[in-house]
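# Please work out how this folds:
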Amino acid sequence: MKLKAGIIVFLGTNCERDTKTALEKSGFKADYIFHTETKFKNYDLIVLPGGFSFGDYVRAGRLAKLSPAVFALKDYIKNHKCFTLGICNGFQILTEARFLPGALIENKNTKFISRDEKLIFNNEKITLPVAHKEGCFYADSNTLKIIEEKNMVFLRYQNNPNGSINDIAGLYDRENKIMGLMPHPERAALKECAPNSPNNALDGLKIFNFIKEEILK
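Predicted coordinates for the structure are as follows:
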């Protein structure tokens, strides 16, 4: 039986199709959840995909965190013990809504960055594309200490492109099964989307397969 994934779609989301395709390639049955919905089906995974929810007005993820679906997600995580994944704008929403600690602020060079980046994932070197202007991860010293002590950092930049503290590219709250990352694994999960990857490596699938293994534990 396939695991079921729901992808929350906000006004301004633009990565939902790539995310759905990548999930299906990884063995999930996936469908969409509109941001006004408050009742979810029996999902094993909820995904907040990349894009520019509500135009990133005020701040990236700031308005999306007020969506009915995000409020419903808090209770759903608590009652159903489902896994939650936020990609790029989804990661921003998770920090704004305090599902994950810290904040994603403007890149130190103040410019939009769109390119492949080398990363460390579970002690393995991988390459994933990034596309963001507010991707610099920040946390105060006390929060950062907790993040490191709890081993929440699962993804780090090799050549920090945005000024993120401690090279943090992704966090994993293992207790609540919530994961967020700025790079786009869905854009490196299909050969058609990653024609210039080294040896046509589809490193994005490693992220989705890892999540699948975590759900099945």
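# Correct me if wrong: Gln158 contacts Leu119.
Yes: judged on CB atoms under 8 Å, Gln158 makes contact with Leu119 at a distance of 6.2 Å. Quick note: C-beta positions are derived from backbone N, CA and C, even for glycine.
# Find residues that contact each of those two.
Contact criterion CB atoms under 8 Å, 6 or more residues apart in numbering; residues shared by Gln158 and Leu119: Lys125.
# So those two - more neighbours on which side?
Leu119 (23 against 14; other CB atoms under 10 Å).
# Who are the packing partners of the helix or strand where the more buried one lies?
Assigned by DSSP states H and E, Leu119 falls within strand 113-121. Judged by 3 or more CB pairs under 8 Å, 6 or more residues apart in numbering; DSSP states H and E, strand 113-121 is in contact with strand 124-132, strand 153-157, helix 204-216.
# change it to 10 Å
strand 124-132, strand 153-157, strand 168-173, helix 204-216 (3 or more CB pairs under 10 Å, 6 or more residues apart in numbering; DSSP states H and E).
# as a whole number, average confidence for that strand?
Taken as a whole, strand 113-121 has a mean pLDDT of 96.
# Mind listing residues that contact it?
By CB atoms under 10 Å, 6 or more residues apart in numbering, the surrounding residues in contact with strand 113-121 are 107, 125-133, 135-136, 153-162, 167, 169-170, 181-185, 187-188, 194, 196-198, 203, 206-207, 210.
# mind running it again at 7 Å?
Residues outside strand 113-121 that contact it (CB atoms under 7 Å, 6 or more residues apart in numbering): 107, 125-132, 135, 154-159, 161-162, 169, 183, 206.
# bridging residues for the residue most central in space within the chain?
Centroid-nearest residue in the chain: Ile87, 2.3 Å away (criterion: CA atoms, centre = their mean). Beta-bridge partners for Ile87, by DSSP bridges, are Leu181.
# Give me the distance between it and Lys108.
Noted for Ile87: a distance of 22 Å to Lys108, by CB to CB, to the nearest Å.
# Equivalent analysis for Ser26, please.
From Ser26 to Lys108 the distance is 33 Å (CB to CB).
# Alright, that wraps it up for me.
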